[in-house]
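**Student:** this one's sequence-less:
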């Protein structure tokens, strides 16, 4: 790609994208929707070029997959070299070095001053499935608690743990038994009508009540939680919440599973989101930006927990594919050498500052929140009632896309505009993107 910033050559969609849209209409299920009405042909860094030559600033990053940017040269080189060696053996048949090297790296990155072990699988949902499976095997208990604004995947267990009904759970039941939910620490819409940080994290009282009214702690194997609830609307879990939750888990012999699938690999200003709280989970799931676009995920846990599982009880045909493993190793190296977590914090500070400025001018921006370069704003009809305004959020996103900036919706009310900017974005690109966003909001 020669372009270094937004370049709009046609109306959207352009003629080539329209033709592909016609083919799609005949051959792809309607349930698979797409945010932008265009078809990609190239991508580099924080830019996507479509088949009509339009170049977009990508503030979505494949939904948090491209923290290291589109096609990092180091990753592309490593992938090409591995492709010339071998594509697949199945680790359970003939193991290989990239798998064990990546497991070693993840064991070092995940918080916790104790021995750890890692298994590799293909997707975030598959990582969650295996984390729950291992937790149940280790504890010999069955109950799994998640939060009501959470998202943990689209498999049946993933849907069962996910909080939002539409579009994830609607008319797909019955769901996996012994899965339960407690309210999220959604500070902007606190169910206790408190204000953080002076609230003493009273929302965790819902968990203590849960043990009385729904399932005793002797039945609960694990609690799974995201450091920042991504699809739920970038709800940042306060560090004090994690600290109290860790105490409750220790008291009742319940495992703490941290879902770092969207928050991992520099997104929140740390390598992993849990680092902000100082709390070490028992099991951590990673995916998305681990592979820079190649499908790979990890389940990392205390060694004694991971080793409870018997021979052959866990595994997957494609998990830890060698091509994806070498990509992940390069991603970790790239992030360390370029200190991308610190860059994430710098990006996030600039975005947050700009959005807070816009909030003072536009009353429909009800809340600005996030952590590092994981930033969002909630759109409301009235700042006093805080009534959600999903239509206006959709309008803002549409305005952005037609001006060359790709941003995404989130939130249990579909009224949150979220951004997951690749951490390799240039200063000029970040400024251009924020200018487009400002124009879209003002329009």
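**Tutor:** Here it is on my side, so go on. Predicted model only: the values in this text are computed from it and were never measured. Residues are numbered from 1 along each chain as shown.
**Student:** I'd like the distance from the helix or strand containing residue 250 to the chain centre, please.
**Tutor:** Using DSSP states H and E, residue 250 sits in helix 239-252. The gap between where helix 239-252 is centred and where its chain is centred comes out at 22 Å by C-alpha atoms, centre = their mean, to the nearest Å.
**Student:** what packs against that helix?
**Tutor:** helix 205-213, strand 220-225, strand 255-259 (3 or more C-beta pairs under 8 Å, 6 or more residues apart in numbering; DSSP states H and E). Glycine gets a C-beta too; all of them are placed from N, C-alpha and C.
**Student:** so can I have a markdown table of these showing mean neighbour count?
**Tutor:** Shown next, in a markdown table, are those (neighbours: other C-beta atoms under 10 Å):
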| stretch | mean neighbour count |
| --- | --- |
| helix 205-213 | 14 |
| strand 220-225 | 25 |
| strand 255-259 | 28 |
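**Student:** out of the ones you listed, which comes closest to residue 121?
**Tutor:** Within those, the stretch nearest residue 121 is strand 255-259; the backing value is 13.8 Å (C-beta to C-beta).
**Student:** correct me, but residue 440 touches residue 393?
**Tutor:** No. With contact taken as C-beta atoms under 8 Å, residue 440 and residue 393 are classed as non-touching, separated by 10.9 Å.
**Student:** The two - which one has more neighbours?
**Tutor:** Here residue 440 and residue 393 are compared on neighbour count by other C-beta atoms under 10 Å; more neighbours surround residue 393, at 25 against 20.
**Student:** Next up, the contacts around that one.
**Tutor:** The contact partners of residue 393, by C-beta atoms under 8 Å, 6 or more residues apart in numbering, come to 379, 409, 411, 414-417.
**Student:** Which members of those are the farthest-apart pair?
**Tutor:** Of all pairs drawn from these, the greatest distance, 10.4 Å, lies between 414 and 417 (C-beta to C-beta).
**Student:** of those two, who's got more company?
**Tutor:** When residue 414 and residue 417 are compared for neighbours, residue 417 comes out ahead with 28 against 18, by other C-beta under 10 Å.
**Student:** and whatever helix or strand that one lives in, what does it pack onto?
**Tutor:** Using DSSP H and E, the element containing residue 417 is strand 416-419. Applying 3+ C-beta pairs under 8 Å, 6+ apart, one finds that strand 416-419 contacts strand 374-379, helix 390-402, strand 408-410.
**Student:** Kindly recompute the last result at 6 Å.
**Tutor:** strand 374-379, strand 408-410 (3 or more C-beta pairs under 6 Å, 6 or more residues apart in numbering; DSSP states H and E).
**Student:** Mind giving me the packing neighbours of the first one?
**Tutor:** In terms of contacts (3+ C-beta pairs under 6 Å, 6+ apart), strand 374-379 is packed against helix 340-361, strand 365-371, strand 416-419.
**Student:** So what are the sheet partners of it and their directions?
**Tutor:** According to DSSP bridges, strand 374-379 has the following sheet partners: strand 365-371 (antiparallel), strand 416-419 (antiparallel).
**Student:** try the shortest one
**Tutor:** Listed by DSSP bridges, the sheet partners of strand 408-410 and their directions read strand 416-419 (antiparallel).
**Student:** now the helix or strand just after the strand it pairs with, how far from the chain's geometric center?
**Tutor:** Downstream of strand 416-419, the next assigned helix or strand under DSSP H and E is helix 427-442. For helix 427-442, the distance from its own C-alpha centre to the chain's C-alpha centre is 23 Å (C-alpha atoms, centre = their mean).
**Student:** Tell me which residues of helix 427-442 come out buried.
**Tutor:** Using 16 or more other C-beta atoms under 10 Å as the test for burial, helix 427-442 gives 429-430, 432-434, 436-438, 440-441.
**Student:** which residues touch the residue most central in space within the chain?
**Tutor:** When C-alpha atoms, centre = their mean is applied to the chain, the residue found nearest the centroid is residue 262 (1.7 Å). Under the criterion of C-beta atoms under 6 Å, 6 or more residues apart in numbering, the contact partners of residue 262 comprise 64, 230, 288.
**Student:** As TSV, those with secondary structure would be great.
**Tutor:** Written out in TSV, the entries for those read as follows (DSSP: H, G, I helix; E, B strand; the rest coil):
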residue	secondary structure
64	helix
230	coil
288	helix
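**Student:** mind showing which ranges of the protein have poor pLDDT?
**Tutor:** By pLDDT under 70, the chain has no low-scoring segment.
**Student:** Tell me how it divides into domains.
**Tutor:** With automatic domain parsing as the criterion, the domains of the chain are listed as 15-71+340-442, 76-337.
**Student:** and the gap between residue 58 and residue 370?
**Tutor:** Spatial separation of residue 58 from residue 370 under the definition C-beta to C-beta, to the nearest Å is 18 Å.
**Student:** Pick out whichever of these two has more residues nearby.
**Tutor:** residue 58 (27 against 23).
**Student:** ok, back up a step: now the residue nearest to the centre of the chain. Nearest residue, chain neighbours left out?
**Tutor:** Among residues not flanking residue 262 along the chain, residue 230 sits closest, at 3.9 Å (C-beta to C-beta, 6 or more residues apart in numbering).
**Student:** Over to residue 270?
**Tutor:** When the adjacent residues along the chain are set aside, residue 270 lies closest to residue 341, with 5.5 Å between them (C-beta to C-beta, 6+ apart).
**Student:** coming back round to it: taking the strands paired with strand 374-379 together, which one is wrapped up most tightly?
**Tutor:** The highest mean neighbour count among those belongs to strand 416-419 (a mean of 26), with neighbours defined as mean count of other C-beta atoms under 10 Å.
**Student:** any idea how far the nearest residue to residue 239 once chain neighbours are set aside is from residue 245?
**Tutor:** Spatially, and ignoring its direct neighbours in sequence, residue 239 is nearest to residue 277 (3.9 Å; C-beta to C-beta, 6+ apart). The span separating residue 277 from residue 245 equals 9 Å under the rule C-beta to C-beta.
**Student:** so residue 129 makes contact with residue 157?
**Tutor:** Yes. A contact is recorded between residue 129 and residue 157 when judged using C-beta atoms under 6 Å, the distance being 5.3 Å.
**Student:** follow-up on the earlier one: could you name the stretch from the helices and strands packed on helix 239-252 that's closest to residue 388?
**Tutor:** Residue 388 sits nearest to helix 205-213 of all these, at 21.9 Å, using C-beta to C-beta.
**Student:** relative orientation of the closest one and strand 220-225 in degrees?
**Tutor:** 160 degrees (axes from the mean of the first three to the mean of the last three C-alpha atoms, to 10 degrees).
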